[in-house]
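Participant: whatever this is, show me its structure:
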Amino acid sequence: MTTSRILGARKRIALVAHDHKKKDLMEWAVFNKTVLARHELIATGTTGKLLEESLDRPVKQVLSGPLGGDQQIGAMIATGEIDVLIFFWDPMEAQPHDPDVKALLRLAVVWNIPAASNRTSSDFLMTSPLMHEVYEAVIPDYSGYIKRKL
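Facilitator: Sure, this is the predicted structure:
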(Lines give C-alpha, C1' and ligand atoms only; values in the text may rest on other atoms or scores of the structure.)
Protein backbone atom coordinates (compact mmCIF):
# COMPACT_ATOMS: atom_id res chain seq x y z
CA MET A 1 0.00 0.00 0.00
CA THR A 2 1.60 3.25 -1.14
CA THR A 3 0.58 6.45 0.59
CA SER A 4 1.60 9.97 -0.13
CA ARG A 5 1.43 13.44 1.28
CA ILE A 6 1.01 16.64 -0.68
CA LEU A 7 3.60 19.34 0.01
CA GLY A 8 2.06 22.66 -0.96
CA ALA A 9 3.82 25.28 -3.05
CA ARG A 10 4.29 27.24 0.19
CA LYS A 11 6.44 24.88 2.25
CA ARG A 12 6.68 24.71 6.02
CA ILE A 13 10.43 24.83 6.62
CA ALA A 14 12.02 23.88 9.93
CA LEU A 15 15.35 25.61 10.57
CA VAL A 16 17.67 24.28 13.26
CA ALA A 17 21.31 25.09 14.01
CA HIS A 18 23.79 24.02 16.64
CA ASP A 19 25.55 26.85 18.48
CA HIS A 20 28.70 26.81 16.34
CA LYS A 21 26.58 26.73 13.15
CA LYS A 22 24.14 29.54 13.94
CA LYS A 23 26.29 32.15 12.19
CA ASP A 24 26.43 29.99 9.05
CA LEU A 25 22.67 29.51 9.09
CA MET A 26 22.02 33.24 9.54
CA GLU A 27 24.33 34.10 6.63
CA TRP A 28 22.65 31.45 4.48
CA ALA A 29 19.16 32.66 5.45
CA VAL A 30 19.96 36.29 4.63
CA PHE A 31 21.40 35.19 1.26
CA ASN A 32 18.14 33.26 0.62
CA LYS A 33 15.83 35.87 2.20
CA THR A 34 13.71 36.37 -0.92
CA VAL A 35 13.16 32.65 -1.43
CA LEU A 36 12.45 32.03 2.26
CA ALA A 37 9.84 34.83 2.23
CA ARG A 38 7.60 32.56 0.11
CA HIS A 39 7.47 29.91 2.83
CA GLU A 40 6.47 29.46 6.47
CA LEU A 41 9.44 29.24 8.83
CA ILE A 42 9.59 27.26 12.06
CA ALA A 43 12.72 27.15 14.22
CA THR A 44 14.08 26.03 17.54
CA GLY A 45 14.47 28.66 20.32
CA THR A 46 17.55 30.82 19.86
CA THR A 47 17.78 30.05 16.16
CA GLY A 48 14.23 31.33 15.70
CA LYS A 49 14.98 34.60 17.50
CA LEU A 50 18.12 35.15 15.44
CA LEU A 51 16.24 34.38 12.21
CA GLU A 52 13.47 36.86 13.05
CA GLU A 53 16.09 39.57 13.59
CA SER A 54 18.14 38.65 10.51
CA LEU A 55 15.17 38.28 8.13
CA ASP A 56 12.89 40.91 9.68
CA ARG A 57 9.93 38.55 9.51
CA PRO A 58 8.03 36.31 11.92
CA VAL A 59 9.34 32.84 12.61
CA LYS A 60 7.29 30.31 14.60
CA GLN A 61 9.46 29.28 17.53
CA VAL A 62 9.50 26.07 19.52
CA LEU A 63 11.72 25.34 22.51
CA SER A 64 15.51 25.38 22.34
CA GLY A 65 16.85 22.09 20.96
CA PRO A 66 18.33 20.77 24.24
CA LEU A 67 15.12 21.70 26.08
CA GLY A 68 12.89 19.68 23.75
CA GLY A 69 12.76 21.75 20.57
CA ASP A 70 14.36 19.02 18.46
CA GLN A 71 11.68 16.64 19.69
CA GLN A 72 8.96 19.19 18.96
CA ILE A 73 10.21 19.58 15.39
CA GLY A 74 10.39 15.78 15.10
CA ALA A 75 6.79 15.45 16.26
CA MET A 76 5.75 18.08 13.70
CA ILE A 77 7.48 16.06 10.97
CA ALA A 78 5.67 12.90 12.10
CA THR A 79 2.29 14.64 12.06
CA GLY A 80 2.82 16.24 8.64
CA GLU A 81 3.27 19.80 9.91
CA ILE A 82 6.82 20.20 8.51
CA ASP A 83 7.63 19.83 4.81
CA VAL A 84 11.38 20.55 4.78
CA LEU A 85 14.18 20.34 7.36
CA ILE A 86 17.24 22.59 7.20
CA PHE A 87 19.52 21.50 10.03
CA PHE A 88 23.02 22.96 10.26
CA TRP A 89 24.47 20.50 12.76
CA ASP A 90 28.00 20.58 14.06
CA PRO A 91 29.98 17.42 13.21
CA MET A 92 32.95 18.55 15.32
CA GLU A 93 31.18 19.15 18.62
CA ALA A 94 29.57 16.61 20.95
CA GLN A 95 26.00 17.58 21.81
CA PRO A 96 24.43 16.85 25.21
CA HIS A 97 21.15 16.13 23.42
CA ASP A 98 22.70 13.91 20.74
CA PRO A 99 19.93 11.25 20.96
CA ASP A 100 17.36 13.97 20.16
CA VAL A 101 19.45 15.15 17.20
CA LYS A 102 19.70 11.62 15.80
CA ALA A 103 15.97 11.10 16.32
CA LEU A 104 15.17 14.30 14.43
CA LEU A 105 17.36 13.33 11.48
CA ARG A 106 15.86 9.83 11.54
CA LEU A 107 12.31 11.18 11.38
CA ALA A 108 13.14 13.27 8.32
CA VAL A 109 14.14 10.02 6.60
CA VAL A 110 11.22 7.98 8.01
CA TRP A 111 8.66 10.47 6.69
CA ASN A 112 10.57 11.14 3.45
CA ILE A 113 10.86 14.91 3.71
CA PRO A 114 13.63 16.90 2.03
CA ALA A 115 16.47 17.61 4.46
CA ALA A 116 19.69 19.56 4.15
CA SER A 117 22.53 19.74 6.63
CA ASN A 118 24.89 22.42 5.28
CA ARG A 119 24.96 25.51 3.06
CA THR A 120 25.59 23.65 -0.17
CA SER A 121 22.83 21.07 0.25
CA SER A 122 20.49 23.85 1.44
CA ASP A 123 21.28 25.93 -1.65
CA PHE A 124 20.60 22.97 -3.91
CA LEU A 125 17.32 22.29 -2.11
CA MET A 126 16.12 25.91 -2.20
CA THR A 127 16.91 26.33 -5.90
CA SER A 128 15.10 23.16 -6.96
CA PRO A 129 11.97 23.94 -9.02
CA LEU A 130 10.15 21.40 -6.81
CA MET A 131 10.67 23.70 -3.83
CA HIS A 132 8.19 26.20 -5.23
CA GLU A 133 5.43 23.99 -6.55
CA VAL A 134 3.05 21.39 -5.22
CA TYR A 135 4.80 18.06 -4.77
CA GLU A 136 3.47 14.61 -3.93
CA ALA A 137 5.86 12.91 -1.52
CA VAL A 138 5.63 9.15 -1.25
CA ILE A 139 5.48 7.93 2.33
CA PRO A 140 7.04 4.51 2.87
CA ASP A 141 4.67 1.70 3.76
CA TYR A 142 5.05 0.95 7.46
CA SER A 143 1.94 -1.23 7.72
CA GLY A 144 4.06 -4.37 8.28
CA TYR A 145 5.77 -2.68 11.20
CA ILE A 146 2.51 -1.35 12.63
CA LYS A 147 0.77 -4.76 12.33
CA ARG A 148 3.68 -6.86 13.64
CA LYS A 149 3.03 -9.32 16.44
CA LEU A 150 4.21 -8.10 19.79
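
Participant: the chain: strands as residue ranges?
Facilitator: With DSSP state E applied, the chain shows strands at 3-7, 12-17, 40-43, 60-61, 84-88, 115-116, 135-139, listed in chain order.

Participant: dump those strands into CSV; add distance to Glu52 as well.
Facilitator: From N, CA and C alone the C-beta is placed, and that goes for glycine too. What follows is the strands of the chain, written out as CSV (distance: least, Cβ to Cβ, whole Å):
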stretch, distance to Glu52
strand 3-7, 24
strand 12-17, 11
strand 40-43, 9
strand 60-61, 8
strand 84-88, 16
strand 115-116, 21
strand 135-139, 27
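
Participant: could you dump these to CSV with mean neighbour count and mean pLDDT?
Facilitator: Formatted as CSV, the strands of the chain follow (neighbours: other Cβ atoms under 10 Å; pLDDT from 0 to 100):
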stretch, mean neighbour count, mean pLDDT
strand 3-7, 13, 93
strand 12-17, 25, 97
strand 40-43, 22, 98
strand 60-61, 16, 98
strand 84-88, 24, 97
strand 115-116, 19, 97
strand 135-139, 13, 95
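
Participant: what about Asp141, distance to Lys22?
Facilitator: 38 Å (Cβ to Cβ, to the nearest Å).

Participant: these two - which one has more neighbours?
Facilitator: Lys22 (17 against 11; other Cβ atoms under 10 Å).

Participant: hang on, that one packs against Leu50?
Facilitator: Yes - with contact defined as Cβ atoms under 8 Å, Lys22 counts as touching Leu50 (6.1 Å).

Participant: rewinding a little: which of the strands of the chain sits closest to Val109?
Facilitator: Nearest of the strands of the chain to Val109, taken as Cβ to Cβ: strand 115-116 at 7.6 Å.
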